[in-house]
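Enquirer: Provided below are the primary sequence and the corresponding predicted coordinates.
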Amino acid sequence: GVKHLRVLMFLSLMIFSPLLDASPLSSCSWGQPNTTSMLAPQADQVMALGDWEERWQEDRIGFHQPHVHKMLEKNIDKVVSGRTGVRFFFPLCGKAVDMKWLADMGHSVVGVEISEKAIKQFFAENNLTYSEEPVPAIPAAKVYKSSERNISLYQCDLFKFSSSIGGQFGAIWDRGSLVAINPRDRETYADLIISLMAKDCRYLLDTLLYNAALYSGPPFFVPDEQLASLFGKSCDLELLQSADAMTERYRAWGLDSLTENLHLITPKSI
């Protein structure tokens, strides 16, 4: 019986050992997944401009924060960097209270937002009067200018805005913009932002890290590795702050963890 068992074991080893050698374990790298595979679940997600306008119309604006963003408050000195009267750009500004906060400090603010309702709510909720003008370079666009503070908000598609319309900026605060635009538009977005940066610009960027397979977005997942490929050629990147941002709201989306990263991006000195 024992001899018979040994023969069987020998035969099974002869049959299975070549299969073991050809196992995918030996040919695959089992390190960290690469950026492309991490981004893959959201790569084809698309939000049309009309979808965002609809959210504002229906008050589905859970992304709006009724207070000044804590990370902006904590890092404002690094952004202003001793300068006065800095021109701040707010891409996809909504009705962010941060704009009034900065304008009250003596800085000027230019924002771009597709929703007219968001812009009008910003002025109403901050008790600011405003004028309305067409923007000749962008058909159907308007610019709303505050009478009391140096705030101009453009109602238009962000990708139609340019430095020839709004000039260049000494600072940019991107709280929910890069994470809101369609993932396929990120390179176009980075090119636009870089074109709006003055030589001394300090671009403060807020991103979110989570498992993209668990939630389709927006806000979309933007890994640090992708920021390096988007901005690294012409800018220096510094991670200023990283915080656990997990709340019940995000748990309800199906997420198991959420990290908020704050980056400072500055043009490389030539």
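Expert: Okay, I see it. Quick caveat, the model's predicted, so the values are computed rather than measured. Numbering: from 1, shown residues only.
Enquirer: quick one: Cys93 and Val112 touch, right?
Expert: Yes. Contact between Cys93 and Val112 holds when scored by CB atoms under 8 Å: they sit 6.5 Å apart. From N, CA and C alone the C-beta is placed, and that goes for glycine too.
Enquirer: need the residues touching each of these two.
Expert: Shared contacts of Cys93 and Val112, defined by CB atoms under 8 Å, 6 or more residues apart in numbering, comprise Leu153.
Enquirer: distance from stretch 39-49 to the middle of the chain?
Expert: Distance of stretch 39-49 from the chain centroid (CA atoms, centre = their mean, to the nearest Å) equals 13 Å.
Enquirer: likewise for stretch 83-93?
Expert: 17 Å.
Enquirer: same check on stretch 185-202?
Expert: The chain centre lies 13 Å from the centre of stretch 185-202; the measure is CA atoms, centre = their mean.
Enquirer: so which helix or strand takes in Ser152?
Expert: Ser152 is located in strand 151-155, with elements delineated by DSSP states H and E.
Enquirer: what residues of stretch 240-256 count as buried?
Expert: For stretch 240-256, the neighbour count (16 or more other CB atoms under 10 Å) marks Ala245, Tyr250, Leu255 as buried.
Enquirer: mind listing the strands for the stretch 101-250 of the chain?
Expert: Using DSSP state E, counting those that start in this stretch, the strands of the stretch 101-250 of the chain run over 108-113, 130-134, 142-146, 151-155, 169-174, 197-209, 235-244.
Enquirer: make CSV from these and add mean pLDDT and distance to Ala124 to it.
Expert: Output for the strands of the stretch 101-250 of the chain, formatted as CSV (pLDDT from 0 to 100; distance: least, CB to CB, whole Å):
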stretch, mean pLDDT, distance to Ala124
strand 108-113, 98, 14
strand 130-134, 98, 10
strand 142-146, 98, 11
strand 151-155, 98, 13
strand 169-174, 98, 22
strand 197-209, 98, 26
strand 235-244, 98, 32
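Enquirer: what's the closest of those strands to Ser81?
Expert: When these are compared for distance to Ser81 using CB to CB, the nearest one is strand 197-209, at 6.0 Å.
Enquirer: quick one on the thing from earlier: for the strand holding Ser152, which strands pair with it and how are they oriented?
Expert: strand 108-113 (parallel), strand 142-146 (antiparallel) (DSSP bridges).
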